[in-house]
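Visitor: I would like to see how this sequence folds:
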Amino acid sequence: MADLDDLLEDLELETQSPPGSRRASKLSPAPKPPTKAGDSYSKAKRDVDDLLDDLDDVLADDSPHVPSEPTPAPSQATDSTEPVVASTGKCFPVYIGGSKDEQGLTPGRACDRLRCTKCDFEVKRWENIAWSESCDYLFFRNFFPDGEKLSKNMVKTKGSCGYACQCTWKSASELTALQKSPEMRWVCSGHRKAIA
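Guide: As a prediction, this is how the structure comes out:
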């Protein structure tokens with residue numbers, strides 16, 4: 001019981017003393033060789049005291065800790081023809097379209113960076129085809145994205161495009177907003193805007 005009282009008294013002194021003065025307190029006596037009766041208790045107490053001292057040193061340090069960011073490696077080729085990526089943009093509203101419709105970032109284009117939020121697959125597009133009426137969920141679940149196996153239910157249709165992921169499919173012959181189809185869970189995954 002006396003040990004508990006001593007510890008409570010030490011704790012009270014520590015909470016009243018300013019940070020950094022912990023080394024001079026009764027909680028941080030010089031390490032003593034452990035005795036058989038309280039070996040594990042003494043070692044644990046010393047370990048906690050050492051950790052508290054380290055914490056005080058970090059908190060007493062006047063300079064704020066700023067994590068270092070990795071520096072990018074210098075480019076190997078200085079006359080690269082690749083454009084510098086400035087930012088990404090997302091289509092809203094999202095459109096799909098036929099084979100004659102331009103693709104890219106909205107407005108007035110069919111998005112070519114679609115991703116399904118239901119199955120988490122990229123949406124693929126096949127030009128000049130439409131999906132047959134016999135298509136069903138299991139057909140796409142089993143055969144997507146294998147175009148050769150999917151071709152069994154592709155109907156050649158000039159000007160149309162067949163879109164599909166692993167859970168949903170749609171044919172389009174003209175620019176169509178996906179907001180008009182609430183069962184669609186396709187979103188734009190982002191387009192890179194390049195600066196020359």
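Visitor: As a check, name the ranges of all strands in this protein.
Guide: All strands of the chain, identified by DSSP state E, fall at 84-89, 95-96, 114-116, 124-131, 154-164, 169-172, 176-177, 186-188, 191-195.
Visitor: Go through those and find the least confident stretch.
Guide: Looking at the strands of the chain, the lowest mean pLDDT belongs to strand 84-89 (a mean of 59).
Visitor: Who are the contact partners of residue 94?
Guide: By C-beta atoms under 8 Å, 6 or more residues apart in numbering, residue 94 lies in contact with 106, 111, 114, 177, 178, 179, 186, 187, 188. The C-beta positions use only the backbone N, C-alpha and C, and glycine is treated the same way.
Visitor: on that earlier part again, can I get the strands of the chain in TSV including distance to residue 142?
Guide: Shown next, in TSV, are the strands of the chain (distance: least, C-beta to C-beta, whole Å):
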stretch	distance to residue 142
strand 84-89	33
strand 95-96	23
strand 114-116	16
strand 124-131	15
strand 154-164	12
strand 169-172	13
strand 176-177	27
strand 186-188	20
strand 191-195	31
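Visitor: Let me know which of the ones you listed is tucked in deepest.
Guide: Most buried of those, by mean neighbour count (mean count of other C-beta atoms under 10 Å): strand 95-96, with a mean of 24.
Visitor: Show me what it is in contact with.
Guide: 106, 108-111, 114, 125, 161, 163, 170, 172, 175-178, 186.
Visitor: repeat for stretch 108-119
Guide: By C-beta under 8 Å, 6+ apart, stretch 108-119 touches 91, 94-98, 101-105, 121-123, 125, 161, 163, 165-168, 172, 175, 185-191.
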